[in-house]
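[1] Show me the folded form of this:
(one chain, ligands or ions: 1)
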Amino acid sequence: MQVMTQPQLKKVEITSAFWKRYRELVVKEVLPYQWDVMNDQADIKIAEDPQNNGQDKNSHAVANLKIAAGEMKGHHYGFPFQDTDVYKWLEAAAYSFSYHPNPDLKKITDNLVDLIAKAQEPDGYLSTFFQIDAPERKFKRLQQSHELYTMGHYIEAGVAYYQATGSEKALTIAKKMADCIDAHFGLSEGKIPGYDGHPEIELALSRLYEVTHEQKYLDLAHYFLNQRGQNPDFFEKQNEADGIDRDLIPGMRDFPRNYYQAAEPIKDQQTADGHAVRVVYLCTGMAYVARLTGDQDLLAACHRFWNDIVKRRMYITGNIGSTTTGEAFTYDYDLPNDTMYGETCASVGMSFFARQMLNIEAKGEYGDILEKELFNGALSGMSLDGKHFFYVNPLEADPAATKGNPGKSHVLTHRADWFGCACCPANLARLITSVDHYLYSVHDDTILSHQFIANEASFADDVTITQENNFPWAGDIHYTIANPHTRSFKLGLRIPGWSAGNFAVQVNGQAEDVAVTDGFVYFAIDAAATTIDLKLDMSVQFMRSNNRVRADVGQVAIQRGPLVYAAEQADNEAPLWLYRIDRNAKTESHYEADLLKGVTVVEAAAHREPEDPADADLYTSAAEKPAQDTQLTLIPYYAWANREDGQMQVWCRRG
Ligand SMILES: [Zn+2]
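    Numbering: from 1, shown residues only. Next comes the predicted model:
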């Protein structure tokens with residue numbers, strides 16, 4: 001017998017019916033659709049986009065690259081970071097090749113890489129807005145320019161494309177970009193002692209380091225994290241030098257320094273403040289660099305931010321960002337359900353952060369949050385047809401409020417075709433096509449299986465782990481571990497928080513008592529063949545929030561397994577706020593194959609007050625109004641807004 005000192009994960013094939021549908025949908029619908037949009041060939045409307053700033057329906061993202069490459073004439077169009085739509089799309093396509101080889105798509109992506117190489121300047125710089133329309137302002141207004149954010153997204157795409165296809169060209173573009181940034185940024189004489197207003201480059205450089213092993217890329221990522229907030233007036237000084245009123249994105253100058261996580265050094269920042277996507281991208285970079293360098297200050301900051309977000313600032317669905325003003329966090333326990341933001345990108349970014357933390361520490365809570373995002377907050381961002389998207393993911397919505405209250409106009413009750421600021425659709429696409437990267441973490445001689453997404457994983461030494469289940473609808477998880485050379489290693493399986501009090505384990509058909517350590521149960525594997533059966537608690541659970549959350553007090557939400565449920569007007573009589581549920585109400589759940597591509601529906605015994613007549617007084621004596629016994633029908637949150645427009649709510653009055 002030989003110990004596997006570091007089991008090496010080679011490949012994961014997703015077999016989960018639930019995720020295979022989404023992954024094929026991305027290949028068949030999302031990628032072609034997004035390619036058409038970016039080439040201005042799709043018939044789309046962005047009028048409903050909460051971020052729409054009066055631009056027309058064109059994306060122009062590919063045209064911008066063609067102009068920078070000298071293949072077309074014209075001006076740049078769109079946001080300074082318009083290029084990132086193309087890069088995230090390229091990254092999503094790269095991942096898809098691992099499960100759906102597609103020579104036609106590969107031709108398009110190879111040509112795209114050629115175009116990007118042509119658009120890149122000899123010194124490695126690439127940001128089409130500045131190249132086309134403001135070459136004299138390169139790196140001069142980093143608060144708003146998104147140049148390092150933009151190049152960071154290419155670096156991620158370039159690394160992914162290289163790993164998927166072996167394209168040296170794609171990797172060379174990324175290295176040249178990083179070299180360009182390295183030449184311009186740092187603390188030595190003549191360099192810019194600054195950083196980007198939008199974190200991203202930190203995690204991108206870490207990825208580039210992992211594939212190239214070039215220390216300078218890791219050092220540069222570390223520099224950006226250490227330098228952030230060291231000179232809190234860095235952005236203001238740059239803005240003044242550039243011409244104070246020459247904003248690249250109107251309004252961005254008015255946000256406080258903590259919007260950019262730049263008010264003080266990261267090691268001194270105590271709370272997760274500012275723009276939610278920036279926070280979680282920054283955290284992902286922090287966790288990445290903390291693991292690769294052993295920087296304990298960064299690791300401590302990761303823990304602080306994680307706890308602040310998860311324990312005080314996250315919706316039950318995993319969504320984050322309590323206000324539309326600055327797409328930002330607000331203060332602890334401030335989680336309004338109907339004016340919130342909950343950007344899809346923020347849930348995607350939180351998934352990145354959770355994955356990086358799992359790479360550092362074997363703690364089940366990271367796997368719990370990753371699962372929460374994958375099955376709720378992030379997945380909600382895309383319609384079941386793959387052609388409509390949410391930027392904002394509310395927990396309570398009403399078409400009348402969207403239309404009639406300007407403070408809720410950003411909360412749509414159906415997904416939009418596209419956005420003027422189109423960060424979310426391709427971000428979710430790349431998460432879905434790479435979900436196979438999110439199922440295992442390896443620590444020393446231990447393989448952690450922390451997601452119940454059915455798959456076949458192969459490791460070095462011909463070890464394979466096969467996981468079969470009908471998750472998220474059923475909680476029976478069957479593992480088959482083949483270990484033909486009888487290597488010795490440990491396997492850790494996550495016991496989800498929602499099943500912590502009620503689960504059962506069998507090893508080779510025999511019931512076994514196992515202790516839970518930080519959310520995992522561990523098995524010593526050394527036989528050639530082992531089976532493990534895990535039975536998780538799929539009963540309907542009534543949840544409440546911490547009672548410091550004003551918005552949810554006196555209310556319950558329904559969860560079954562990893563899925564948070566929502567009531568929709570399509571199944572229930574409006575107004576939905578007249579329903580009440582006892583916390584021990586009788587419930588029934590059943591799978592409906594023809595509803596919403598197949599979902600388990602929950603029916604809960606409920607009471608409902610009759611609605612007051614239209615001519616009733618606005619205020620009247622508070623005597624209890626008799627309620628009628630009825631039922632409330634709930635569907636998984638991710639699947640809401642796929643039928644007619646109507647009200648939706650996750651939280652329901654208790655009683
Ligand atoms: Zn977004």
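
[2] Asp332 contacts Met314, correct?
    No: contact criterion CB atoms under 8 Å: Asp332 and Met314 do not qualify, at 11.0 Å. From N, CA and C alone the C-beta is placed, and that goes for glycine too.

[3] Looking at the two, which one has more neighbours?
    Remark: of Asp332 and Met314, Met314 carries more neighbours, 25 against 15, as counted by other CB atoms under 10 Å.

[4] gap between the more buried one and Ser347?
    10 Å (CB to CB, to the nearest Å).

[5] any common contacting residues for those two?
    Ile320 (CB atoms under 8 Å, 6 or more residues apart in numbering).

[6] Contacts only, for the closest residue to Asp268 other than its chain neighbours.
    Nearest non-adjacent residue to Asp268, counting by CB to CB, 6 or more residues apart in numbering: Gly229, 7.4 Å away. Contact analysis of Gly229 by CB under 8 Å, 6+ apart lists Arg257, Gln261, Ala262, Ala263, Glu264, Pro265, Ile266, Asp268, Gln269.

[7] Can you pick out the ones from these that are in helices?
    Residues of the contacts of Gly229 located in helices (DSSP state H): none.

[8] quick one: which of those is most hemmed in?
    Neighbour-wise, those (other CB under 10 Å) top out at Ala262, 29 neighbours.

[9] Does it touch Gln227 like I think?
    No: contact criterion CB under 8 Å: Ala262 and Gln227 do not qualify, at 9.8 Å.

[10] shared neighbours of those two, anything?
    Tyr195.

[11] Next, the buried residues of the helix or strand that contains Ala400.
    Element membership for Ala400 (DSSP states H and E) is helix 399-404. In terms of neighbour count (16 or more other CB atoms under 10 Å), helix 399-404 has its buried residues at Pro399, Ala401, Thr402.

[12] show me the contacts for Leu491.
    With contact set as CB under 8 Å, 6+ apart, Leu491 has these partners: Thr446, Ile447, Ser449, Ile465, Tyr479, Ile481, Tyr522, Phe523, Ile525, Ile532.

[13] from those, which is closest to the ion?
    Ser449 (29.9 Å; CB to the ion).

[14] residues contacting the nearest residue to that closest one once chain neighbours are set aside?
    Using CB to CB, 6+ apart and skipping residues adjacent in sequence, the residue nearest Ser449 is Leu493, 5.4 Å away. Contact analysis of Leu493 by CB under 8 Å, 6+ apart lists Ser449, His450, Ile477, Tyr479, Phe520, Val521, Phe523, Ile532, Leu534.

[15] of these, buried ones?
    Among the contacts of Leu493, the ones that count as buried by 16+ other CB under 10 Å are Ser449, His450, Ile477, Tyr479, Phe520, Val521, Phe523, Ile532, Leu534.

[16] what's across from the first one in the sheet?
    In other words, Ser449. Tyr440, Leu493 (DSSP bridges).

[17] if I look at it, how far off is Gly367?
    Ser449 is 9 Å from Gly367, by CB to CB.
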